[in-house]
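Q: could you look at this predicted model? Sequence included:
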Amino acid sequence: MLHQSDSDMSRFVAVRDGQSAPVTCSACGCRLEATDGAWRHFNPLGGRDARGCRVACVDAVHDETGHPLVLSV
């Protein structure tokens, strides 16, 4: 299946090493998208990422470097 390219890449971009780059998950490499000031997996569904893979951090909030955040209660 072919996906349309995203013409609005600004919602995926962060700065790494002084250059603009898409934010990806440090654990699995999936692209993350900015939502409500946090980074989340693109289109998570039932514990799976957009590619259909089971990823432990699919529902976790990530930081701008792609690392899942652990929130203590």
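A: Yep, that arrived. Given the structure is predicted, the values throughout are model-derived calculations rather than measurements. Numbers count the residues shown, from 1 in each chain.
Q: got a list of what the residue most central in space within the chain touches?
A: The centroid of the chain falls nearest to Leu32 when counting by Cα atoms, centre = their mean (1.4 Å). Contacts for Leu32 were tallied using Cβ atoms under 8 Å, 6 or more residues apart in numbering; they are 12, 23-25, 39-42, 62, 66. Any C-beta I mention is one placed from the backbone N, CA and C, and that applies to glycine too.
Q: ok, Ala50 next?
A: Per Cβ under 8 Å, 6+ apart, neighbours of Ala50: 30-31, 41-44.
Q: of those, select the buried ones using a PyMOL command.
A: Selection of buried members from these for PyMOL, criterion 16 or more other Cβ atoms under 10 Å:
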select buried, resi 30+31+41+42+44
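Q: just the ones of the contacts of Ala50 in strands?
A: In strands, judged by DSSP state E, the following of the contacts of Ala50 are found: His41.
Q: can I get the contacts of Ala50 in JSON lines with pLDDT and distance to Ala50?
A: Supplementary listing: these in JSON lines, determined by pLDDT from 0 to 100; distance: Cβ to Cβ, whole Å:
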{"residue": "Cys30", "pLDDT": "86", "distance to Ala50": "7"}
{"residue": "Arg31", "pLDDT": "86", "distance to Ala50": "8"}
{"residue": "His41", "pLDDT": "87", "distance to Ala50": "7"}
{"residue": "Phe42", "pLDDT": "79", "distance to Ala50": "5"}
{"residue": "Asn43", "pLDDT": "75", "distance to Ala50": "4"}
{"residue": "Pro44", "pLDDT": "75", "distance to Ala50": "7"}
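Q: quick check: the farthest pair among the contacts of Ala50?
A: Spatial extent of the contacts of Ala50 (Cβ to Cβ) is set by the pair Arg31 and Pro44 at 11.8 Å.
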